[in-house]
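[1] I would like to see how this sequence folds:
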Amino acid sequence: MTDHMNLYLLIAIPILIVALMIESLRKPLLVAIGSFVKLILTKGGEGFLSVLVWAVKTIPAAHWIVLKNLFTPRSALLPTLRKTESSDGG
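    Numbers count the residues shown, from 1 in each chain. Here you go, the predicted model:
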């Protein structure tokens, strides 16, 4: 964090603590803080779920490609290998 951000936090946290000690400000502040936390958790959860769906979709597809290439003969992938193997003769 930058120096300005540290300064803002050092000023805001004690003010928030004092404001929470005042009974008439406590409920509105807790509602505002609760809605802010709810927003953060909602957006974070959406981001996490989108990454999870991406992983579930792409990882098996990538493994399938690797397995297909692993068990496919080289001559089927590269037809030019058939000519060199048959003309090689041993």
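[2] Check which helices and strands whichever strand or helix holds residue 64 sits against.
    Element membership of residue 64, judged by DSSP states H and E, is helix 23-71. For helix 23-71, the elements it packs on are helix 3-21, judged by 3 or more CB pairs under 8 Å, 6 or more residues apart in numbering; DSSP states H and E. Placement of C-beta: from N, CA and C, glycine included.
[3] hmm, back to that, give me the angle between the helix holding residue 64 and helix 3-21.
    130 degrees (axes from the mean of the first three to the mean of the last three CA atoms, to 10 degrees).
[4] Report the buried residues of whatever helix or strand comes next after helix 23-71.
    Once the chain leaves helix 23-71, the next helix or strand it forms, by DSSP H and E, is helix 74-77. Going by neighbour count (16 or more other CB atoms under 10 Å), nothing in helix 74-77 comes out as buried.
[5] Any idea how far helix 74-77 is from the middle of the chain?
    37 Å (CA atoms, centre = their mean, to the nearest Å).
[6] tell me the average confidence for that helix?
    Regarding helix 74-77, the rounded mean pLDDT is 78.
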